[in-house]
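Novice: need a 3D model of the sequence below.
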Amino acid sequence: MAKMGRILAGTLCGLGLAFLLGSLVYFGPAQKEEPPPSTSSVTAVTAPSKNSFVGQSACAECHSGISQLYESHPMSRSMSSLVHPGFEESDDRTSFRVGPSLEYVVERNGGTVRHHEICYDADQVPIYDQAVETTFSIGSGSRGKGYLIERGDLLFMSPISWYAGKNVWGLSPGYTAERHPRFERRVTDACLSCHAGRVSHVRGEPDRYPTPKFLELSIGCERCHGPGESHIAFHRSADESPGEQVPLDSGKIDPIINPSKLAPRQREAVCNGCHLPLEHGYLRYGQSYHDFRPGQDFDEIVTAFVEANPTSAVEGESRAVSQVMQMRESRCYLASDNRLGCTSCHNPHSVPTSTEKQNYYREQCLKCHATQDCTETTPRRNELAHDSCIVCHMPKLAADDVPHTSQTDHRIPRGRIHLDPASVRPLPSPLVTELVSPFDGWDQRLTARDTARAWGLLLTAESEKRSPQQTRYATTAEERLKSVVADRPEDLEALGSLVSVYLTLNRRSDARQTLDQLLKQDPQNEYGLIQMALLLHAEKDWPNSLQYWQRAMQQNPWIAFQQIQHGQTLVKAGRIDEAISAARRAIELNPGFLAAHTWLAETLPQVGKPDEGEQHRKLLSRLKTRPK
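Specialist: Have a look, this model is predicted:
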């Protein structure tokens, strides 16, 4: 199924990495010859069946000390159920305002938590109060929490989040006061593969989660060590024959993964899978976000592009969740011959308390710097608790895409720095292909076909944004992706991207032909169903358009704008009563949807329902005149 990000591009277009676009023409490296097989010191791990996982409780039977220690780590609290007690982030009811007319309320009543969006008119009288039940919190609470909404086998994000640093409620990361997706932001495999322990999922049906949705709520041992079933079987076999020792040359080894014993690239892949920002990350063909196993290279699952000039800090600001690239710029990393990694300084099983923090990290620094004296003045050092290294060398930076939070500067500067914006911003008007590069040099290991595919998907994503280079991106993406699809016609992601490219280039015939190819292989593909419905609507083929709309609505009936689009086709087909139902449904999902109110105010009187039409006219007037 095509990426959900493409389906929601119109709504979430402001959430991605923004680049300055210009007139220079360069579309990434040319295709190269097939590289030799990987010489990685670790054999690629084949994704095992879900039944090979055993859960953290099974690990704790033998590793109780580490298991208890890990319970203090934020990762062990990465997700929680709201049905159970422990709503520590607020009282039973709390609220915050966004502008003069919108209020967001969190309400707990027994085992139920509801999030409200309340809209007020010019007289501060509520126009509507939309309440949506949330069932899970996402995040440990160390920095904050977000909240999930269950709708059938889909999950959505609430617009309301809690921020621990300032103990405040606010709009969720990526949401702006002016425009946001409200309760319609889809939660995807990319989200849950990092924030949850293990989810129920069906191969070939991305972003859909049958009940029970979570097999293990929070991140457990097997996330970093791999599935434990064979490890347990290995040791039980040894226990049954305690007098026998397995010869070292027998080929029998404990199958569990210890990340500290992996080669640096595979070791870091365990962390990078979730701590590397993926504004431009694309699944490899045939992979899902649930497929990574410790011991693999990150690029066996995802081809990620990172900023060629990753430093983003300007006067103390930095993008959130970018510590991986910051660390790779540090002198410590470069001087270590790229062997320094996350666990060089961080204990993956625990975090120091606030009172332990300064001493703990000073000890980590002294492992390498014990013979080097601090060059700071004695009075300044006396001001610092525990003669702290990190106060100067890893200062706090504002996280500019997560409100109310900060992060630590992992560039490890030798002193406090104030950067000239010109020194960290790209040159004027470069193309995206000059601003990004393959992370960890995966283009040196992948085949020409897979490299072309990744660049094609990147250029497609850029072509979906309005820019002077939109047509250039689309044209070059087509060149890359057509060769991929010709060689591998079952590549659904590449097919979906080609559809997007053809629509950008206004080549509807090519788009429809490619949609036919896509939907023949994946009849439930949401993106394909919606685009085919829209194309047939444009061709005035109302009956066939409706067939695709009905199939699309079966997949996801929770997006107000798509309900209205479906309703427009129903109107053209003369099915007014059904169109009215679709518009009403759109308003249930988004009570402030002006287009839906406008159409109902005009249409209902024509079908003998003037009173209801007048209600929508009055609501429309109040919505239009509410204070902004």
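
Novice: which helices and strands sit right next to the helix or strand encompassing Asn544?
Specialist: Element membership for Asn544, per DSSP states H and E: helix 542-555. With contacts defined as 3 or more Cβ pairs under 8 Å, 6 or more residues apart in numbering; DSSP states H and E, helix 542-555 has these neighbours: helix 526-538, helix 560-572. (Glycine included, C-beta is placed from N, CA and C.)

Novice: report the contact partners of the residue most central in space within the chain.
Specialist: Per Cα atoms, centre = their mean, the C-alpha nearest to the average position across the chain is that of Cys191, at 4.3 Å. With contacts defined as Cβ atoms under 8 Å, 6 or more residues apart in numbering, the neighbours of Cys191 are Ile138.

Novice: check Gln521 too.
Specialist: Glu490, Leu492, Leu495.

Novice: let's see it at 7 Å
Specialist: Contacts for Gln521 were tallied using Cβ atoms under 7 Å, 6 or more residues apart in numbering; they are Glu490, Leu492.

Novice: ok, now how distant is it from Arg208?
Specialist: Gln521 sits at a distance of 17 Å from Arg208 (criterion: Cβ to Cβ, to the nearest Å).

Novice: ok so, going back, any chance of the backbone angles for the residue nearest to the centre of the chain?
Specialist: Cys191 has phi and psi values of phi -70, psi -50 when expressed as degrees, to the nearest 10.

Novice: just the local confidence number for it, please.
Specialist: The per-residue pLDDT reported for Cys191 equals 95.

Novice: related to what we said a few turns ago, which parts of the helix holding Asn544 are buried?
Specialist: The neighbour-count check on helix 542-555 (16 or more other Cβ atoms under 10 Å) flags Trp542, Ser545, Leu546, Tyr548, Trp549, Arg551, Ala552, Met553, Gln555 as buried.

Novice: out of those residues, which one sits closest to Gly226?
Specialist: Each of the buried residues of helix 542-555 was scored against Gly226 by Cβ to Cβ, and Gln555 proved nearest at 33.4 Å.

Novice: show me what whatever helix or strand Gly170 lives in is in contact with.
Specialist: Under DSSP H and E, the secondary-structure element containing Gly170 is strand 168-171. Here strand 168-171 makes contact (Cβ under 7 Å, 6+ apart) with 94, 96, 98, 106, 159-163, 177, 180, 403-404.

Novice: OK, contacts around Ile564?
Specialist: Remark: with contacts taken as Cβ under 7 Å, 6+ apart, Ile564 is in contact with Ala582, Ala583, Ala586, Ala595, Ala596.

Novice: ok, and the most crowded of these?
Specialist: Within these, most neighbours by other Cβ atoms under 10 Å means Ala583, with 28 neighbours.

Novice: hmm, that residue is touching Thr598, no?
Specialist: No: with contact taken as Cβ atoms under 7 Å, Ala583 and Thr598 are classed as non-touching, separated by 9.6 Å.

Novice: re earlier: using CSV, please lay out the buried residues of helix 542-555 together with pLDDT.
Specialist: Supplementary listing: the buried residues of helix 542-555 in CSV, determined by pLDDT from 0 to 100:
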residue, pLDDT
Trp542, 97
Ser545, 98
Leu546, 99
Tyr548, 99
Trp549, 99
Arg551, 98
Ala552, 98
Met553, 98
Gln555, 97
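
Novice: biggest separation within those residues, which pair?
Specialist: Pairwise distances across these peak at 20.4 Å for Trp542 and Gln555 (criterion: Cβ to Cβ).

Novice: tell me the SS of Ala95?
Specialist: Residue 95: Ser, not Ala. Here Ser95 takes the strand state, with states given by DSSP: H, G, I helix; E, B strand; the rest coil.

Novice: so who does it touch?
Specialist: By Cβ under 7 Å, 6+ apart, the contact list for Ser95 reads Glu103, Tyr104, Val105.

Novice: which residues does it bridge with?
Specialist: Beta-bridge pairing of Ser95 under DSSP bridges involves Val105.

Novice: ok, now Leu148?
Specialist: With DSSP bridges as the criterion, the beta-bridge partners of Leu148 are Phe136, Met157.

Novice: thinking again about what came up before, nearest to Thr378 among the contacts of Ser95?
Specialist: Distances from Thr378 to these, taken as Cβ to Cβ, are shortest for Tyr104 (50.5 Å).

Novice: would you confirm that that closest one contacts Glu117?
Specialist: Yes: because the distance of 6.0 Å satisfies Cβ under 7 Å, Tyr104 is recorded as touching Glu117.

Novice: hey, what's in contact with both of these two?
Specialist: With Cβ under 7 Å, 6+ apart, Tyr104 and Glu117 have common neighbours Pro159.

Novice: could you dump the helices and strands packed on helix 542-555 into TSV with distance to Trp442 and mean pLDDT added?
Specialist: As requested, those are arranged in TSV below (distance: least, Cβ to Cβ, whole Å; pLDDT from 0 to 100):
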stretch	distance to Trp442	mean pLDDT
helix 526-538	26	98
helix 560-572	36	98
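
Novice: with distance to Ala452 as extra columns, can I get those in CSV?
Specialist: As requested, the helices and strands packed on helix 542-555 are exported to CSV (distance: least, Cβ to Cβ, whole Å):
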stretch, distance to Ala452
helix 526-538, 21
helix 560-572, 32
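
Novice: looking at these, which is closest to Asp443?
Specialist: Using Cβ to Cβ as the measure, helix 526-538 is the one of those that comes nearest Asp443, at 26.9 Å.

Novice: strands of the stretch 351-500 of the chain, start to end?
Specialist: Remark: strands assigned in the stretch 351-500 of the chain by DSSP state E, counting those that start in this stretch are 396-399, 406-408, 436-438.

Novice: tell me which of those strands is the most buried.
Specialist: strand 436-438 (a mean of 21; mean count of other Cβ atoms under 10 Å).

Novice: what strands flank it, and is each parallel or antiparallel?
Specialist: The pairing partners recorded for strand 436-438 under DSSP bridges are strand 302-307 (antiparallel).

Novice: list of residues touching the strand it pairs with?
Specialist: Outside strand 302-307, the residues that touch it by Cβ under 7 Å, 6+ apart are 276, 278, 280-284, 325, 435-439, 442, 454, 458.

Novice: quick revisit: and the residue nearest to the centre of the chain, how close does it get to Met325?
Specialist: 21 Å.

Novice: now do the buried residues in the helix or strand harbouring Val324.
Specialist: Under the assignment given by DSSP H and E, the secondary-structure element containing Val324 is helix 323-329. Burial within helix 323-329, assessed by neighbour count using 16+ other Cβ under 10 Å, is assigned to Gln323, Val324, Met325, Gln326, Met327, Arg328.

Novice: Leu340 versus Thr264, what's the distance?
Specialist: Let me fix one detail, which is that residue 264 is Pro and not Thr. Between Pro264 and Leu340 the computed distance is 9 Å (Cβ to Cβ).

Novice: and the furthest pair within the contacts of Ile564?
Specialist: Pairwise distances across the contacts of Ile564 (Cβ to Cβ) peak at 12.0 Å, for the pair Ala582 and Ala595.

Novice: re the thing from before, higher neighbour count, Pro264 and Leu340?
Specialist: It is Leu340, of Pro264 and Leu340, that has more neighbours when counted by other Cβ under 10 Å, with 21 against 14.

Novice: which one is the more buried one nearest to, not counting chain neighbours?
Specialist: Leaving out its chain neighbours, the residue that sits closest to Leu340 by Cβ to Cβ, 6 or more residues apart in numbering is Tyr333, at 4.5 Å.

Novice: kindly report the same for Ser330.
Specialist: Closest residue to Ser330 apart from its sequence neighbours, by Cβ to Cβ, 6+ apart: Ile412 at 4.2 Å.

Novice: show me the contacts for the one you found.
Specialist: If a contact means Cβ under 7 Å, 6+ apart, then Ile412 has Ser330, Arg331, Cys332, His393, Met394 as its contacts.
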